[in-house]
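Participant: what follows is a protein structure lacking sequence information:
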């Protein structure tokens, strides 16, 4: 058996663990002295992660945290945050992570709807007093949570006080509540089990074909559902990741180089940032050790894939995930260039993808329709029972609201969102198709296409483009000519162009917030 196959076999054996704690126990027994987390001058081995998490669990136990206790935490990406999260898995608590950038509205909603009994915060972080906010919110709740700080110091105790860890059967119990973005309405509490998150992380790990010599990186908030997704990969394959409490380029490049990161990424915006740094000094690799960019969470234009491979000399694999199913499909490094550029990869083991028409009937290969999902990595529903009932069809498939088509090879191409379909004079127009073509213009760093209300057309097509650094802003006539020359149908060509220095993005995977663009430009003709 080759070394690579041995690593894969070991990872698959460990993946049989049904709980996060069981997975950590198995990995820390196998390779206790190998590093798992690195942050600046600090690090933890797999053994230290297990031992430290047990001490934190004991401290939490003495605070009153028990199996089934709901514990919310709003913490940045730090070693301490990972220790706290694993301590909660050791106790069998229900944890509900909250993105650190969220404020009163989102935090109040999460605490109230989850019924959190405890709430861990970082104190004053990046100039904002999270403790004061937490106490202010707690004072207005009928059953206020106990607020405690968990930035530098964590609860500590003697592991001898702990009850036995949760058994394998608890892997199917709801242990995680994640929150959808809730940009235009209240967020939804998404219910996950250890088993569903391990299934999602396994899909990512096995697709990327990494090994114990790799060094990963976590530049996104650990509170995002991608946090445990990525951590599962570290536990399965036994390699470390560099954590970034605050990610910004070019500042972060020194840490990537220092620790020899081989795998980086996060989402499309991260690829673009690395590419922009590479273009500042084309003759010198931005990160010499880097061999792979990987991520998901937002559409990937084919031209961006080709530019990364051509100019950075690294591979790029992109996937498809959502809070309800953190890893659905993933590109593999040995996929064809066309598959890597134009698809989101193939479903992982145990994941079914179905393309349906408007009534939910399955469609054949190559035909565009709505994407529906079924499998172990899919959430168990929402906190709101009515939302859960509406989210799944009669066959148990999750209704995503995404549009796409499947190839016979299993590769999935996403073509847009149902809510992003522009209806102009009765004709349906996909924003994604236009955006991919706009990315081929050298003056366009990024693009978002939206439909805006129009008295004559119903909706008009508006292109909002982020100007490339140092480039002259493209004109509407120039972009229209580009689109027509690429074969875009005339009725899809934008009638309105807005050029911005930066598109509005969220703080997690830096996804473009189209609702803000509709609000900003909806009143102009």
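Facilitator: Great, that's in hand. Computed from a predicted structure; not experimentally measured.
Participant: C-alpha from now on. contacts and neighbour counts both.
Facilitator: OK.
Participant: spatially central residue for the chain, please.
Facilitator: For the chain, the residue nearest the mean C-alpha position is residue 226 (4.4 Å; C-alpha atoms, centre = their mean).
Participant: OK, contacts around that one?
Facilitator: Going by C-alpha atoms under 8 Å, 6 or more residues apart in numbering, residue 226 touches residue 326.
Participant: mind checking how far it is from residue 439?
Facilitator: As judged by C-alpha to C-alpha, to the nearest Å, residue 226 and residue 439 stand 27 Å apart.
Participant: which of the helices or strands spans residue 462?
Facilitator: Element membership for residue 462, per DSSP states H and E: strand 458-467.
Participant: just the angle between the helix or strand just after that strand and strand 458-467, please?
Facilitator: Sequence order places helix 476-485 as the next helix or strand after strand 458-467, per DSSP H and E. Using axes from the mean of the first three to the mean of the last three C-alpha atoms, to 10 degrees, the direction of helix 476-485 lies 100 degrees away from that of strand 458-467.
Participant: what is the neighbour count of residue 99?
Facilitator: For residue 99, the count of nearby residues is 23 (other C-alpha atoms under 10 Å).
Participant: helix or strand for it, which one?
Facilitator: Residue 99 belongs to no helix or strand, assigned by DSSP H and E.
Participant: what sits against it?
Facilitator: 74, 75, 76, 221, 223, 224, 508.
Participant: OK, contacts around the residue nearest to the fourth one when sequence neighbours are not counted?
Facilitator: Across the structure, with C-alpha to C-alpha, 6 or more residues apart in numbering as the measure, the residue nearest residue 221 apart from its sequence neighbours is residue 77 (5.6 Å). The contact partners of residue 77, taken as C-alpha under 8 Å, 6+ apart, are 220, 221, 222, 223, 243, 244, 245, 246.
Participant: next: residue 116.
Facilitator: Contacts for residue 116 (C-alpha under 8 Å, 6+ apart) come out as 69, 70, 71, 72, 144, 145.
Participant: find me the pLDDT at it, would you?
Facilitator: On pLDDT, residue 116 comes in at 98.
Participant: ok, it to residue 380 distance?
Facilitator: For residue 116, the distance to residue 380 equals 19 Å [C-alpha to C-alpha].
Participant: ok, now residue 195?
Facilitator: Separation of residue 195 from residue 380 (C-alpha to C-alpha) stands at 11 Å.
Participant: run through the helices of the stretch 251-400 of the chain in chain order.
Facilitator: 253-258, 268-280, 302-312, 337-342, 385-391 (DSSP state H, counting those that start in this stretch).
Participant: can you give me the domain boundaries for the protein?
Facilitator: Domains of the chain are assigned by automatic domain parsing as 13-195, 248-417, 421-521.
Participant: for the residue of the chain most remote from its centre, helix, strand, or coil?
Facilitator: For the chain, the largest distance from the centre (C-alpha atoms, centre = their mean) belongs to residue 456, which lies 39.1 Å off. Using DSSP: H, G, I helix; E, B strand; the rest coil, the structure places residue 456 in coil.
Participant: per-residue confidence for the residue nearest to residue 221?
Facilitator: 97.
Participant: and residue 90, by the same measure?
Facilitator: pLDDT at residue 90 comes out at 98.
Participant: that one: neighbour count?
Facilitator: Applying other C-alpha under 10 Å, we find 27 other residues in the vicinity of residue 90.
Participant: before we move on, what about residue 169?
Facilitator: With other C-alpha under 10 Å as criterion, residue 169 counts 10.
Participant: show me what contacts it?
Facilitator: By C-alpha under 8 Å, 6+ apart, the neighbours of residue 169 are residue 18.
Participant: distance of it from residue 14?
Facilitator: Note on residue 169: its distance to residue 14, by C-alpha to C-alpha, is 16 Å.
Participant: residue 424 versus the residue farthest from the centre of the chain, what's the distance?
Facilitator: Distance from residue 456 to residue 424, by C-alpha to C-alpha: 9 Å.
Participant: name the surrounding residues that touch stretch 91-98.
Facilitator: Defining contact as C-alpha under 8 Å, 6+ apart, one finds that stretch 91-98 is touched by 57, 61, 65-75, 85, 88, 107, 110, 114, 163, 165-166, 174-179, 223-224.
Participant: repeat for stretch 35-52
Facilitator: Here stretch 35-52 makes contact (C-alpha under 8 Å, 6+ apart) with 24-25, 27-29, 31-34, 78-79, 83, 86, 234, 238-244, 255.
Participant: may I see the ChimeraX selection of the buried members of those?
Facilitator: Per 16 or more other C-alpha atoms under 10 Å, the buried members of these correspond to this ChimeraX selection:
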select :24,25,27,28,32,34,78,79,83,86,234,238,239,240,241,242,243,244,255
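Participant: in helices, which of the contacts of stretch 35-52 fall?
Facilitator: 24, 25, 27, 28, 29, 79, 83, 86, 234, 255 (DSSP state H).
Participant: the third one reaches residue 232, doesn't it?
Facilitator: Read that as residue 27. No: judged on C-alpha atoms under 8 Å, residue 27 makes no contact with residue 232 at a distance of 10.5 Å.
Participant: ok so, going back, paired strands for the strand holding residue 462, with orientation please.
Facilitator: strand 444-454 (antiparallel), strand 496-500 (parallel) (DSSP bridges).
Participant: so where do the strands sit in the stretch 51-200 of the chain?
Facilitator: For the stretch 51-200 of the chain, strands defined by DSSP state E, counting those that start in this stretch occupy the ranges 70-73, 94-97, 118-121, 124-125, 128-129, 146-149, 174-179, 189-193.
Participant: helices or strands up against the first one?
Facilitator: The reference is to strand 70-73. Using 3 or more C-alpha pairs under 8 Å, 6 or more residues apart in numbering; DSSP states H and E as the contact test, the elements touching strand 70-73 are strand 94-97, strand 118-121.
Participant: run the last query once more with 10 Å
Facilitator: helix 79-91, strand 94-97, helix 104-114, strand 118-121, strand 146-149, strand 174-179 (3 or more C-alpha pairs under 10 Å, 6 or more residues apart in numbering; DSSP states H and E).
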